[in-house]
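Undergrad: when you get a sec, could you give me coordinates for this:
(2 chains)
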Protein chains: 2
Amino acid sequence: MEKMKPRTLSGFMELLPQKQAQMEHMMQTLRETYELYGFYPLDTPVLEASEVLLAKGGGETEKQIYRFQKGDTDLSMRFDLTVPLAKYVALHYGQLTFPFRRYQIGKVYRGERAQRGRFREFYQADIDIIGDGQLDIINEAEIPSIIYKTFSKMGLNRFKIRINNRKVLNGFFEMLGLSERSGDVMRTIDKLEKIGADKVRQILLDDCGASESQADEIIKFITISGGTQGILDALKAYEGKNETLDLGISELTTVAKYMEQFGVPASHFEIDLTIARGLDYYTGTVYETTMLDHPEIGSICSGGRYDNLAEYYTDKQLPGVGISIGLTRLFFVLEDKNYLAETASPADVMILPMTDDVGAAIELATRLRDNGVRAQLNCEKKKFKSKITYADKLSIPYVVFMGEDEIKNNIVALKELATGEQTNTGFDEALERIKTGLAKNQNQKVILDK
Amino acid sequence: MEKMKPRTLSGFMELLPQKQAQMEHMMQTLRETYELYGFYPLDTPVLEASEVLLAKGGGETEKQIYRFQKGDTDLSMRFDLTVPLAKYVALHYGQLTFPFRRYQIGKVYRGERAQRGRFREFYQADIDIIGDGQLDIINEAEIPSIIYKTFSKMGLNRFKIRINNRKVLNGFFEMLGLSERSGDVMRTIDKLEKIGADKVRQILLDDCGASESQADEIIKFITISGGTQGILDALKAYEGKNETLDLGISELTTVAKYMEQFGVPASHFEIDLTIARGLDYYTGTVYETTMLDHPEIGSICSGGRYDNLAEYYTDKQLPGVGISIGLTRLFFVLEDKNYLAETASPADVMILPMTDDVGAAIELATRLRDNGVRAQLNCEKKKFKSKITYADKLSIPYVVFMGEDEIKNNIVALKELATGEQTNTGFDEALERIKTGLAKNQNQKVILDK
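TA: Numbering: from 1, shown residues only, chains lettered A, B, ... in the order given. Alright, predicted model coming up:
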């Protein structure tokens, strides 16, 4: 038969088993963490009617969308999880209870130009809290604690959650009389870290229509430093001049105030007045998360507060706050920068029967599984040595031999592959040894960070 | 602004939050169970190059495929998880270790005519064990134990795993000289339970070219009864007449022999000589799983042994054994037949701050979460009563009030909503109470069966 050469499309991540096990481990950490904060899991279709998915229309994304006709229906594959959430909440509004907290980990599709580290199919991991008409500021303060817990549990240590408040920026620009150019100004100040204050000032003058004094005011404002408390103190000087700015400062103060109680260490949190996160959508607190040793990869978890989730579908005012992790890209980066643990094993124990009747070995496997131990039977007709190599390749830490003697004496021969140590013990002691060994290994996280 | 009416495409399942939580719970049970048996998680793209995905070509499925052009590429959405697995193993052959055990839970797409209980986007949950050149029969014996453990853990009790062996059927037909019509004969005998022996006999005579004596032999064979041991005993009478049949009987005997050691109760397992599972693909043990009280919905978990996973992609001989659960359809059926538990809560505790400064309440939430308790803070500006209603609607079992007195005395006021019982205790005792209560509830499975 003529063979078709198998291939996977470029821009589509397909991992080898051990890497996939690490990715699954990260997803499981996300699910567990999000559930600790009381979020429902949510799932929506990958395919939606194009007119529904593209109700907002236009924009950069539209060209990238996988859109096609099937029968009479114009279909599109989702390009993010936010539009499907808006549709979901508008459609099922009467059956939901608010605030509605949901997480969704799912694949989204964008036909971008393929290049290293860019994906056309990628996982997003989103959480959002949606209010009906209103949503308390405490929800905005809670988000950094979820970010902190999520990454810490994965094993990442050296990262920082940076927040700002769009009302602070909008109010400040209003105060300066620069409201009409606020989009341009925000895009410009966002570059502070990259290009420095002098260049930012020049662009403000040349391209944003700012006067010398306006540019100076902006530079002075966005370079306010001094840590969380220092920045909040400095912002007090701006109070009483603009209502939006006052509200923004008050919100920023509230969010910062509760960080400690939310379990976010001061080392992992900062106010950064240059963060804007796009243009119109966000209206309150905004978040970015950066890896201290790799600022060049940009934010690994971003989001913010918005006032109107579903305005294209409903008249209901649905404010919310949410964050998103680009999981596929994050995984790529972590692998690329050598952050991933070396091994991920699909089993804790491999059982090797040494007799023709494998009943005793099977019974042992069943008992181990009943006790929560991941066990593989290896009954293949292969040489002993090749089976040990198999266990080695899969990083399975323990091997149990079941021969005539073991069966007769009702014991198991347990070998720890890393040390080569072999012990003959009863089932209970073997189970104890395996569990103790595994408990030690369980401290090993997927991500290895300083 | 004119609003776009939100809708979800027909044939696409979109669940309300509590139902989705149950679906997620089922998926988590699948992941945990599959991992106990040493399977790697696997993920492959939803989109593949059409020529690769459709290498096998033809068939009923091809018309249903979501296929489209994007730029220069002819793309198709996967319609099952088996073809992507074949592609994966052929493509990454050199980097895999065999036997290769993988599970995959993912969405697949078939543009079927929309009707109640039929889905165009649905989850399949597959496991497969792939050998390189050979694969031991014990792997076939292990599969029923995975099926049993999976459904039991979900809470299903009244089901039966039915197995047969294709070599038994093929060998028997060979022996009768009916090899050329074996496809027709298998399709006919598969109907035994539905239409009865007389009608099967008539179709064998009229449509399958069987003689009277051949038809009688077939009816006699497929109506062999007497439980597992009875059937195996009766099959002994057929030994020594056909090589394939002999091998099939031997394999069936081996698989049945180890069921007890694999932890499958006799009540949940039977040999059924009428099971054929399609035509050419399967070559050894085949599996079906039926709900005792709803045989009309057909098999909820099926699969079998095959000799050649990836023949369209590679010359390598890759035998395997696998099963598949149509998870979306199963969930639909379970809901439809009232098998699902009434509630699924997104949180264990709701914390209600009763003071302006909510620091103490936040600290409590953080401590509870650090102890693995799923906690929601409710700081919304709403009436007390509406917050209790909120907890009720979400089936959150505990509410904690944090007022001046509680903060001053360093205690928490813990209320169990089901009983209305309220206690004022220190944190440790409250935690203890919550955990004890939750442990009781954890016995509640998603599926409620007799």
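
Undergrad: quick check, central residue of chain A?
TA: The residue at the geometric middle of chain A, judged as the C-alpha nearest the mean C-alpha position with C-alpha atoms, centre = their mean, is A:Ile325 (3.3 Å).

Undergrad: name the residue of the stretch 101-250 of chain A that lies nearest to chain B.
TA: Ranked by C-beta to the nearest C-beta, the top residue of the stretch 101-250 of chain A for proximity to chain B is A:Ile138, at 3.9 Å. Just so you know, the C-beta spots here come from the backbone N, C-alpha and C atoms, and that holds for glycine as well.

Undergrad: do you know the pLDDT at that residue?
TA: For A:Ile138, the pLDDT comes out at 98.

Undergrad: which non-adjacent residue is nearest it?
TA: Of all residues not flanking A:Ile138 in the chain, B:Cys379 sits nearest, at 3.9 Å (C-beta to C-beta, 6 or more residues apart in numbering or on different chains).

Undergrad: separation between the one you found and B:Asp356?
TA: In this structure, B:Cys379 and B:Asp356 are 10 Å apart, going by C-beta to C-beta, to the nearest Å.

Undergrad: neighbour count: these two, which is higher?
TA: More crowded of B:Cys379 and B:Asp356, by other C-beta atoms under 10 Å in any protein chain shown: B:Cys379, with 20 against 5.

Undergrad: pull the contacting residues for the more buried one.
TA: With contacts defined as C-beta atoms under 8 Å, 6 or more residues apart in numbering or on different chains, the neighbours of B:Cys379 are A:Asp136, A:Ile138, A:Asn139, B:Pro353, B:Val358, B:Ala361.

Undergrad: among these, which are located in helices?
TA: Among the contacts of B:Cys379, the residues falling in helices (DSSP state H) are A:Ile138, A:Asn139, B:Ala361.

Undergrad: need those in JSON lines with neighbour count and distance to B:Arg201, can you?
TA: Putting the ones in helices among the contacts of B:Cys379 into JSON lines (neighbours: other C-beta atoms under 10 Å in any protein chain shown; distance: C-beta to C-beta, whole Å) gives the following:
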{"residue": "A:Ile138", "neighbour count": "19", "distance to B:Arg201": "74"}
{"residue": "A:Asn139", "neighbour count": "25", "distance to B:Arg201": "70"}
{"residue": "B:Ala361", "neighbour count": "27", "distance to B:Arg201": "75"}
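
Undergrad: what would those residues look like in JSON lines with distance to A:Ser152?
TA: Formatted as JSON lines, the entries for these read as follows, by distance: C-beta to C-beta, whole Å:
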{"residue": "A:Ile138", "distance to A:Ser152": "21"}
{"residue": "A:Asn139", "distance to A:Ser152": "21"}
{"residue": "B:Ala361", "distance to A:Ser152": "22"}
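
Undergrad: helix/strand/coil for the residue nearest to A:Ala49 when sequence neighbours are not counted?
TA: Here the nearest residue to A:Ala49 in space, its sequence neighbours aside, is B:Leu9; by C-beta to C-beta, 6+ apart that works out to 5.9 Å. At B:Leu9, secondary structure determined by DSSP: H, G, I helix; E, B strand; the rest coil is coil.

Undergrad: surely B:Leu9 meets A:Ser50?
TA: No: counting by C-beta atoms under 8 Å, B:Leu9 stays clear of A:Ser50, with 10.6 Å between them.

Undergrad: run the chain-centre distance for stretch A:303-313.
TA: Between the mean C-alpha point of stretch A:303-313 and the mean C-alpha point of its chain there is a distance of 20 Å (C-alpha atoms, centre = their mean, to the nearest Å).

Undergrad: what helix or strand is A:Ile105 located in?
TA: strand A:100-109 (DSSP states H and E).

Undergrad: hmm, that strand in reach of chain B?
TA: Yes: using C-beta under 8 Å from any C-beta of the partner chain, strand A:100-109 reaches chain B at A:Phe100, A:Arg101, A:Arg102, A:Lys107, A:Tyr109.

Undergrad: other residues contacting that strand?
TA: With C-beta under 8 Å, 6+ apart, strand A:100-109 has contacts from A:27, A:30-31, A:34-35, A:37-44, A:46, A:65-66, A:77-81, A:85, A:89, A:120-130, A:327, B:17, B:46-47, B:346, B:376.

Undergrad: tell me which entries of the residues you listed lie within strands.
TA: Judged by DSSP state E, the subset of these located in strands is A:40-41, A:77, A:121-130, B:47, B:376.

Undergrad: among these, which pair sits farthest apart?
TA: Across those, the two members that end up farthest from each other (C-beta to C-beta) are B:Leu47 and B:Gln376, 37.5 Å apart.
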